[in-house]
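[1] Here's my sequence, what's the structure:
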Amino acid sequence: MIKQDMIDYLDSKMSEANLDFDWSIEWKKRQHAIEVSFTIYAQTDSNLVIQDIEGTVNTENIIQFEDTICFYNPEKSKIILEDYLATIPFDFKQGIEKGSIDAFVKILRIIVTEGQSDLLDFSTDPSIETFEMEWNQANFEQTIQTLKETNRYNTEKVLYPKF
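    Sure thing, here's the model as predicted:
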């Protein structure tokens, strides 16, 4: 039996979830990391000028927001943790439990849905000065615990890709 790797399992769970936003998975082989990026959009009021963190001003009536969550190997990865919305460590030899990925997909849907709503508010309400996504680590850990308590947590490991 062929063991499923982290990328394949993550991709299949995210595809099965029919997520209402654009997403992609990228394997950073040299960094020993797997990045999950997502993008959300909002239409803006034509009179509202929105400037991003780099000083770029929107020229169309649509703004785009992208962020990334990283699965990484704490022993080998050389990533800057603060560059990501969230970072989730895994064991390089053992991989990660399927239940953790299941909980990740569930929490990602909630976080991005709330973020989409907040982005729409930000894009139409001049009194809201900033927009930022927030990962809730406590909710992620609680979701894992709930899955364990209800016997829906899969302890089978998915391995780090070797190809």
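
[2] okay, whichever strand or helix holds Gln64 in PDB with CA atoms only?
    Taking DSSP states H and E as the criterion, the element that holds Gln64 is strand 62-72. Once non-C-alpha atoms are left out, strand 62-72 reads as follows in PDB (Å, rounded to 0.1, in the frame of the first residue of the first chain):
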ATOM      1  CA  ILE A  62     -11.600  45.600  -6.700                       C
ATOM      2  CA  ILE A  63      -9.100  44.800  -4.000                       C
ATOM      3  CA  GLN A  64      -7.300  41.500  -3.600                       C
ATOM      4  CA  PHE A  65      -5.900  40.100  -0.400                       C
ATOM      5  CA  GLU A  66      -3.600  37.100  -0.200                       C
ATOM      6  CA  ASP A  67      -2.100  35.400   2.800                       C
ATOM      7  CA  THR A  68      -0.200  32.200   3.500                       C
ATOM      8  CA  ILE A  69      -0.100  29.500   6.200                       C
ATOM      9  CA  CYS A  70       3.000  27.400   6.400                       C
ATOM     10  CA  PHE A  71       3.500  23.800   7.500                       C
ATOM     11  CA  TYR A  72       7.200  23.500   8.400                       C
END
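
[3] buried set for it?
    Buried residues in strand 62-72, counted by 16 or more other Cβ atoms under 10 Å: 63, 65, 67, 69-72. Bear in mind the C-beta positions are built from the backbone N, C-alpha and C, glycine included.

[4] Provide the strand pairings for that strand, with the direction of each partner.
    The sheet places strand 62-72 alongside strand 33-43 (antiparallel), strand 86-89 (parallel), with pairing taken from DSSP bridges.
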